[in-house]
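Student: quick one: sequence and predicted model below, then my questions.
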Amino acid sequence: MPKLHKLVEAGMTEEEAYDRYRFQNRFDAEEQTLASAEFIVTSTENEINLFEDYENFNLTEFHVVSPGINLQRFWPYYEEEFDGQPLTDQQKQARMMAKARIDKFLSQPDKPFILAICRPDRKKNIAGLIHAYGTDHELQSIANLVIYAGIRSDIDHLPAGEQAVLTEILLLMDKYNLYGKLAIPKKHDTDLEVPEIYRLCARQKGVFSNVALTEQFGLTILEATSCGCPVVATNHGGPAEIVPTCQNGYVVDPYNTDEIRAALKKALINDEQWMELSNQGIQNIHQHYSWKSHVDKYLQLVKSTMEDSERGGIKQMANNNQIQKRLVTANKMLISDIDGTLISETGNYDGLDELRELLENRENRFVFGVATGRSLEKVQEVLTEYNMPTPDVIISSVGSYIYYGLNKTNIDKGWHQHIHYRWNREKIVEAVSSVQGVKEQEPENQNPFKISYYIEEDGYDEQSLEAALAPF
C-alpha cells in the first residue's frame with residue numbers, strides 16, 4: 001500500500017496505478033498471506049508498520065529478524081595488525097586501487113573523510129549531505145568528503161534520474177568550491193574494493209554517512225560499522241533501529257542541515273568518542289547482525305511453530321491456557337448457532353440461565369463453540385449483551401474464519417490454508433457480476449475468503465447464478 005500512496009502523491013491516479021501495476025491482485029495475495037502465515041519475518045519494526053492498513057494485519061504474528069552480513073568480508077580495520085589477517089594479492093590490489101581512486105581528487109588525502117556509498121537516486125539525499133558539508137568551513141577543515149554514487153563511465157549515457165543526481169553533485173561541488181576536498185570516484189569493484197573503502201575510512205578515523213530521505217533497512221550501515229566506522233544516519237526507516245542497537249553513531253533528520261553538520265562534527269572531533277563508537281559498533285554487529293544470530297533467531301521461530309503443530313496445531317494462547325487445555329483433552333463438543341438457537345428470536349429465553357451455568361462450569365468435560373454467519377466482532381457483542389461465557393471455538397463469517405476464544409490473533413491459520421486451495425476470489429466476483437438480481441453487500445460484510453450478496457426480488461434467476469458458479 002505505501003507504494004500505491006507514493007504513486008498517487010507523485011501525480012498518478014489510483015485508477016491508473018491499479019490498471020498499470022495490478023495492485024488489486026497484489027493486495028489480495030498479501031491479504032491471504034497475512035491470514036494464512038504462521039508468522040511473518042521483517043528486517044525492522046518499521047517494515048511491520050507498512051502492513052497496518054491491511055484488513056488482516058492483526059491475523060498474523062510479526063517477528064523482526066534482521067539480515068546479517070558476511071563477517072569474513074567486512075572485518076574490522078585493525079584486525080590484520082593484531083591477528084595477522086592475511087591478505088590475498090587481489091585484496092592488496094583492491095586496497096591500493098581504492099586509495100588511488102580517492103586520493104587523486106584530494107589535496108590533503110590523509111585527513112579523515114566522510115564516506116557515502118549509494119545509488120545516484122534522489123531519495124538517497126546526496127545533495128543534502130554535500131550542502132551540509134559545503135556550508136560548514138569548520139567541517140571542511142576537519143575532513144574530506146568521499147561519495148561513491150554508483151558506477152559510471154559517461155553521465156550522458158545514464159538514465160535520466162541518475163543523470164540529474166550526478167549533474168547536481170558536480171554543480172554543488174562547483175557552487176561550494178569543493179575541489180580538493182570532495183572525491184567522487186567513477187567506479188569501484190563491489191566485491192573487493194568496497195570492504196577496503198570502509199576500512200580505509202576507519203583507519204583514517206572517518207565517518208560513514210547515510211542521510212537518505214528514507215531507508216528501508218540500511219545494509220551499508222552494517223557493512224561500514226563492521227569495518228569500524230562510526231555512522232551518521234537518517235532517522236527515517238531502518239537506520240533509526242540499527243544505530244541505537246549498535247550504539248555506534250547518531251541518527252538525524254535528513255531534512256535538517258544543522259543536525260547533519262552537528263552530528264558529523266561530533267563523531268569526528270573527539271578521538272576518544274570516535275574510538276568508543278567504533279568499538280561499540282563492531283561488538284554489537286557480531287551480537288545482533290551476524291548471519292549466525294539471524295539463523296539462530298529464525299530457527300527458534302520455526303522450532304516454536306513446529307512444537308505448536310505437534311500439540312495438534314493449537315498455538316499457545318496468552319491468558320487462555322484453559323481454552324488450550326480443553327481443546328486438547330475434551331472428547332465432546334457443544335456447537336450452537338446464535339440467532340434462533342443460542343438466542344431466541346421471540347425474546348423467550350427460558351433455559352438460558354441454566355445453559356450459562358452449565359457452560360461456566362464445564363471445566364474440561366466438553367468444548368463450547370459458536371458457528372455463525374456473523375463476524376467475530378458481532379459475536380462478541382451478542383455474548384457480552386447476554387453475559388454468555390467465552391466460547392472455546394468460534395466459527396464465524398459463514399465458516400471462513402475459525403478463532404479460539406475471542407482474541408482476534410488466535411485464528412486457525414491451518415483452516416485458512418485449507419480453504420485457500422483453488423480459491424480464486426477475483427474470478428468468482430467477476431463471474432457473479434454478470435448475474436441479474438444479485439448485488440454485492442457492503443465492504444464490512446466481505447473478507448478475503450467470503451463474498452456476500454443481496455438477492456433482489458426483481459430479475460433474479462437462480463439458474464443463471466448456478467451456471468455462473470458451475471466452473472468453481
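Tutor: Sure thing, it's come through. Residues are numbered from 1 along each chain as shown.
Student: quick one, what contacts Leu59?
Tutor: Contacts for Leu59 (CB atoms under 8 Å, 6 or more residues apart in numbering) come out as 34-35, 408-409, 411, 413. (C-beta placed from N, C-alpha, C; glycine too.)
Student: again, but for Gly238
Tutor: By CB under 8 Å, 6+ apart, the neighbours of Gly238 are 43-44, 46-47, 215-218.
Student: once you drop chain neighbours, what's closest to it?
Tutor: Phe217 (4.0 Å; CB to CB, 6 or more residues apart in numbering).
Student: wait, that neighbour touches Ile69, no?
Tutor: No. Here Phe217 lies out of contact with Ile69, judged by CB atoms under 8 Å, at a distance of 11.4 Å.
Student: which of the contacts of Gly238 fall in strands?
Tutor: Assigned to strands by DSSP state E, none of those qualify.
Student: compare those and tell me which is most surrounded.
Tutor: Of all the contacts of Gly238, the highest neighbour tally under other CB atoms under 10 Å goes to Glu215, namely 27 neighbours.
Student: from Ala132, how far off is it?
Tutor: Plainly put, Glu215 is 17 Å away from Ala132 if you go by CB to CB, to the nearest Å.
Student: what's the answer for Ala267, then?
Tutor: As judged by CB to CB, Ala267 and Ala132 stand 13 Å apart.
Student: with Tyr255 instead?
Tutor: Counting by CB to CB, the gap from Tyr255 to Ala132 is 11 Å.
Student: domains of the chain?
Tutor: 2-65, 79-289, 315-417, 425-469 (automatic domain parsing).
Student: any idea of the mean pLDDT for the first one?
Tutor: Over the span of domain 2-65, the pLDDT mean works out to 81.
Student: check the offset of that domain from the chain's centre.
Tutor: Mean C-alpha position of domain 2-65 versus that of the full chain (CA atoms, centre = their mean, to the nearest Å) differs by 10 Å.
Student: for the third one, same thing?
Tutor: Taking the mean C-alpha point of domain 315-417 and that of its whole chain, the gap between them comes to 34 Å (CA atoms, centre = their mean).
Student: how about the last one?
Tutor: The offset between the C-alpha centroid of domain 425-469 and the centroid of the whole chain comes to 35 Å, using CA atoms, centre = their mean.
Student: please apply the same query to stretch 213-221.
Tutor: 12 Å.
Student: ok, residues contacting it?
Tutor: Contacts for stretch 213-221 (CB under 8 Å, 6+ apart): 43-44, 46-47, 66-67, 69, 117-118, 123-125, 128, 208, 210, 231, 233-234, 236-239, 242-243, 254-255.
Student: and with 6 Å instead?
Tutor: Stretch 213-221 has contacts (CB atoms under 6 Å, 6 or more residues apart in numbering) with 43, 117, 123, 125, 210, 231, 233-234, 236-239, 242, 254.
Student: endpoints of it, how far apart?
Tutor: 15 Å (CA to CA, to the nearest Å).
Student: what do you get for stretch 420-431?
Tutor: 18 Å.
Student: that one: which residues count as buried?
Tutor: For stretch 420-431, the neighbour count (16 or more other CB atoms under 10 Å) marks 425, 431 as buried.
Student: list the buried residues in stretch 465-472.
Tutor: For stretch 465-472, by 16+ other CB under 10 Å, it's 465, 468.
Student: only alpha carbons, please: show it as PDB.
Tutor: C-alpha atoms of stretch 465-472 as PDB (Å, rounded to 0.1, in the frame of the first residue of the first chain):
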ATOM      1  CA  LEU A 465     -26.300 -17.900 -10.700                       C
ATOM      2  CA  GLU A 466     -25.800 -21.700 -10.600                       C
ATOM      3  CA  ALA A 467     -24.400 -21.600 -14.200                       C
ATOM      4  CA  ALA A 468     -22.000 -18.700 -13.300                       C
ATOM      5  CA  LEU A 469     -20.700 -20.600 -10.300                       C
ATOM      6  CA  ALA A 470     -20.600 -24.000 -12.000                       C
ATOM      7  CA  PRO A 471     -16.800 -23.800 -13.100                       C
ATOM      8  CA  PHE A 472     -15.900 -23.300  -9.400                       C
END
